[in-house]
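Trainee: next come a sequence and a model predicted from it.
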Amino acid sequence: MAKAKAKKLKITLVRSTISQKPPVVATVKSLGLRKINSSVEIAANPAVLGKIAAVSHLVTVEEMK
């Protein structure tokens, strides 16, 4: 039985976390983002998608092939 490949997402921080509430800042850090324009590639799963939804006003998301 072949495993289906998990989708990978490229998440980029495009806005600063200054003046954001502490839970939002913690969510951004938990995604592995530190500075503006920093990017990470993460496999898409429900936990990550929920984090992205919580900070969607600060990040951009691209689907990787």
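Mentor: That came in fine, so what should we check first? This structure is a prediction, so every number in the text was calculated from the model and none was measured. Residues are numbered from 1 along each chain as shown.
Trainee: please, which helix or strand holds residue 15?
Mentor: Assignment of secondary structure by DSSP states H and E places residue 15 within no helix or strand.
Trainee: look at the nearest residue in space to it that is not next to it in sequence and report its pLDDT.
Mentor: Leaving aside its sequence neighbours, residue 15 sits nearest to residue 58 (C-beta to C-beta, 6 or more residues apart in numbering; 4.5 Å). For the C-beta atoms, the positions are set from N, CA and C on the backbone; glycine is no exception. Note for residue 58: predicted pLDDT of 98.
Trainee: surely residue 58 meets residue 17?
Mentor: Yes. At 6.7 Å, residue 58 and residue 17 qualify as touching, with contact defined as C-beta atoms under 8 Å.
Trainee: show the contacting residues for residue 46.
Mentor: Residue 46 makes no contacts at all, as judged by C-beta atoms under 8 Å, 6 or more residues apart in numbering.
Trainee: quick one: the helices in the protein?
Mentor: Using DSSP state H, the helices of the chain run over residues 22-30, 46-54.
Trainee: so which bits of the first one are buried?
Mentor: In other words, helix 22-30. By neighbour count on 16 or more other C-beta atoms under 10 Å, the buried set for helix 22-30 is 27, 28.
Trainee: what about the closest residue in space to residue 39 that isn't next to it in sequence, distance to residue 65?
Mentor: Of all residues not flanking residue 39 in the chain, residue 12 sits nearest, at 4.4 Å (C-beta to C-beta, 6+ apart). Plainly put, residue 12 is 17 Å away from residue 65 if you go by C-beta to C-beta, to the nearest Å.
Trainee: same check on residue 26?
Mentor: Taking C-beta to C-beta, one finds residue 26 at 31 Å from residue 65.
Trainee: stretch 14-34 - what's its average pLDDT?
Mentor: Mean predicted lDDT for stretch 14-34 stands at 97.
Trainee: endpoints of stretch 40-52, how far apart?
Mentor: 12 Å (C-alpha to C-alpha, to the nearest Å).
Trainee: now do it, average pLDDT.
Mentor: On average, stretch 40-52 scores 96.
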